[in-house]
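A.B. asks: Predicted model follows, preceded by the sequence.
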Amino acid sequence: MSGFAWHRRSKRVIATFSGFEADLLRSLTSQLVELLRNEQAAPTDVADPLEAMMDFSGPTTEPEDPVLRRLFPTAYPDDEEAAGDFRRFTEGALRDTKAASASALIDTLEEAGLPPELTEDGLVIDVELDRGEAESWMRTFTDVRLALATRLGVEEGDEARWAALPEDDPRARAHDIYDWVGYLQETLVHALTKAA
């Protein structure tokens, strides 16, 4: 995989993935969608009729999962009531938007030829994205990287710690995937700057 590139003639961002890479990207993104949709994002009791009509039924407290807390940080850490109101009015829609972007990435890979179950070696998946699709992929890469960083405990300036891990350490492999998604994101940003 050489990353994303801007194709002047078609005015699209293009990339080629091996079947393994495309399947890995689908797996990571599917896990993100599952996380976004599985933890309850709405209170069960809405007493205010106007609120029910306007569907401001988002959660009012921080998510339990640390990845979700990272994806949906508290807007007002010093004001619990304002933070709860902000979360209630925004988090449900934000979750839906993130899940829709991630699902669109999966759909694009499958439409480009990634089978439901990868069984053949040597499969190559060519992806072409317009600007809107590329921006959606970029947002999903950000969410996937935040999820991986949170699960792994990645911190700023800790590259030496990761480099010191033996190659057969599962954490080292997971960190390599984190770096790979960062590489994809970086080449996508670079391709989009060429398009501007």
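C.D. replies: Now that the structure is in, tell me what you want to look at.

A.B. asks: Show the subsequent helix or strand relative to the helix or strand bottoming out on mean pLDDT in the chain.
C.D. replies: When each helix and strand of the chain is scored by mean pLDDT, DSSP states H and E, helix 49-54 comes last, with a mean of 52. Using DSSP states H and E, the helix or strand that follows helix 49-54 in sequence is helix 66-71.

A.B. asks: which helices and strands does that following helix pack with?
C.D. replies: Counting contacts by 3 or more Cβ pairs under 8 Å, 6 or more residues apart in numbering; DSSP states H and E, helix 66-71 packs against helix 19-38, helix 131-152. In short, each C-beta sits where N, CA and C put it, glycine included.

A.B. asks: what about 6 Å?
C.D. replies: Helices and strands touching helix 66-71, by 3 or more Cβ pairs under 6 Å, 6 or more residues apart in numbering; DSSP states H and E, are helix 131-152.

A.B. asks: Against which helices or strands is the helix it packs on packed?
C.D. replies: Using 3+ Cβ pairs under 6 Å, 6+ apart, helix 131-152 sits against helix 19-38, helix 66-71, helix 80-111, helix 170-195.

A.B. asks: Switch those over to CSV; also include mean neighbour count and mean pLDDT.
C.D. replies: Shown next, in CSV, are the helices and strands packed on helix 131-152 (neighbours: other Cβ atoms under 10 Å; pLDDT from 0 to 100):
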stretch, mean neighbour count, mean pLDDT
helix 19-38, 19, 95
helix 66-71, 17, 96
helix 80-111, 17, 94
helix 170-195, 16, 95
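
A.B. asks: Could you provide these in a markdown table, with additional columns for distance to E128?
C.D. replies: Formatted as a markdown table, the helices and strands packed on helix 131-152 follow (distance: least, Cβ to Cβ, whole Å):
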| stretch | distance to E128 |
| --- | --- |
| helix 19-38 | 14 |
| helix 66-71 | 28 |
| helix 80-111 | 9 |
| helix 170-195 | 11 |
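
A.B. asks: what's the closest of those helices to I125?
C.D. replies: helix 19-38 (4.3 Å; Cβ to Cβ).
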